[in-house]
Structures are given as C-alpha cells and as structure tokens.
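Enquirer: using only what follows, build the 3D model:
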Amino acid sequence: NGSREPFDNPAVRQAIAKAIDTKTLVDVVLLAQGVELPLNWYHPDLPWSINVPHVYDPEAAKTELEAAGLVDSDGDGIRELNGANTDFGILCDVNNPVEVRATELIAGMLNDVGIGASQNCLDIDSSVALIWPNFVAVAEPDYDMGIWGWSSGPQFQRGFIKFLTHCEFGTVGWGNLTGICDPTLDELVGQLTSNTDPTKTEDYSKQLQERFVENLPFIPLMSPGGNFAYNPAAYDGWTYMKG
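Expert: Numbers count the residues shown, from 1 in each chain. Next up is the predicted model:
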C-alpha cells in the first residue's frame, strides 16, 4: 500500500523486492510449474519484455532499509517505524492455496531482513473490501501489504498496465490497487497507448518498463505455467502463443 509509510518510499519497495526470493516461490508454491516475473512486470516470454531480472539479495535489502530509516535500534531483530516495531499484515485469499503458501513464505523472508510481517488471510470478499472496495480503486486503500493475481489479459495486452497504475484512481486507473501515483509512468504509458507511429512503440514500451523497474508500483512475483487437456479427435490444431 503505497499510500502508507514506509511503502510510500520507492527505496523501501526496492528493498522489499530484494528480500523476496521469487525462485523459491515458484519452486515451492507452484511446484516449479511457472516462472519468476522480471521486475519490469511483463512475462519474460513476451516479445516486448525487456526482462530486468528479479534479484534476491537480502543483505542489500538490509542495507537499503537502514538507509531508508528503518532501523532496529533496540536489537530485537525487528525494525522500527516511528518508534514502534514494524508489524505488517499481508492480505491473501484464505481459499487460494497459492496465495496462502506464498504469503507465509514472504512473511518469513521479510522477517529475515527485520521487517515485522505476518499473514492476514481472509475470505475473498473481506480482502477485496480492503484492497479494492466495491471494485473501485482508491487513493488510500485500507491495508498494509497484500498478494494479488490477474489473469493473462493484463500481460499480453501491453497497454493494459495503464489501468493498473494510472493516477486517476477508480476511473482510468480502475485496477490501481496500490495507492501509488506516478505521473512519469502515466505519461509514458499514455505515449505508448496513444502514439500513431509504430516505429516509436518499442521505444515507449522500453521506457515505461524502465520506469516501472525504477519506481516499482507493485512487485511482480510469479506466473503459473499452464497445462491444458484437450481431445485431439475433436480438434488437434492448437498452436502456442508465445508469452
């Protein structure tokens, strides 16, 4: 929730990203049937993804948290914010085994770098009411952290990111669930989606992904693989769409 301390600081978001081992998430939670998402959000198989890798580096995370003012002044292993130990809940859907196991692991990873964190798994209606009240994105949602998933559409439609990050919460940014407003990213996404010169499309796409990596409005984690059953006697002409 980028409308709350300390997550409103991009440096803290960068440190949290380094504290999360996405390879372990894929191996343990998805049973290795998936991929780590790069920091630029788009699936690595998509042809326009610039594939900035997610780097797991807990020692760097500790250093960056210290620099951002999250210190453990009393030596109890938990960093403080405004004089009190950090104690953040991570929302998830209690009926989603992937989310439940992932948040359990992520809480442990954050605790390892001194961020007090624990699972807060609720029924889907209760968690949505906090993250996405009445399915309307708001500038100050009522949660600390949460795990969230979208279908494949936001990935293979590269301009879809506008809806997930735009500063106009609830309208253009109907899916901006993080409370983070980044006018620079808005401008770049707008250029990508409105330009009429196809020779500029890839440059705009690269710039917006670089900006996403720099500001991290949310932290991409993983994408599950797909196994699909079909009856070849009925139809056997399926072809793979890259990404």
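Enquirer: next one: stretch 120-131 to chain centre, how far?
Expert: Remark: stretch 120-131 is offset 17 Å from the chain centroid, using Cα atoms, centre = their mean, to the nearest Å.
Enquirer: and for stretch 35-49?
Expert: 12 Å.
Enquirer: give me the contacts around it.
Expert: By Cβ atoms under 8 Å, 6 or more residues apart in numbering, the surrounding residues in contact with stretch 35-49 are 17, 22-23, 25-26, 50-54, 155-156, 158, 161, 202, 205, 209-210, 212-213, 216, 219-223, 225, 242-243. The C-beta positions use only the backbone N, C-alpha and C, and glycine is treated the same way.
Enquirer: out of the residues you listed, which end up buried?
Expert: Among the contacts of stretch 35-49, the ones that count as buried by 16 or more other Cβ atoms under 10 Å are 17, 22, 25-26, 50, 52, 54, 155, 158, 161, 205, 209, 212-213, 216, 219-223.
Enquirer: for this structure, what spans make up the helices?
Expert: For the chain, applying DSSP state H gives helices covering 10-19, 22-24, 58-67, 97-112, 124-131, 153-156, 161-165, 183-194, 198-215.
Enquirer: any chance of these in a markdown table with mean pLDDT and distance to D142 as columns?
Expert: Formatted as a markdown table, the helices of the chain follow (pLDDT from 0 to 100; distance: least, Cβ to Cβ, whole Å):
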| stretch | mean pLDDT | distance to D142 |
| --- | --- | --- |
| helix 10-19 | 98 | 19 |
| helix 22-24 | 98 | 27 |
| helix 58-67 | 98 | 24 |
| helix 97-112 | 98 | 18 |
| helix 124-131 | 96 | 5 |
| helix 153-156 | 89 | 23 |
| helix 161-165 | 96 | 19 |
| helix 183-194 | 95 | 24 |
| helix 198-215 | 95 | 22 |
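Enquirer: give me the nearest residue to C181, chain neighbours excluded.
Expert: Residue nearest to C181 in three dimensions, not counting chain neighbours: C167, with 3.9 Å by Cβ to Cβ, 6 or more residues apart in numbering.
Enquirer: burial measure for that neighbour, as a count.
Expert: When neighbours are defined as other Cβ atoms under 10 Å, C167 has 15 of them.
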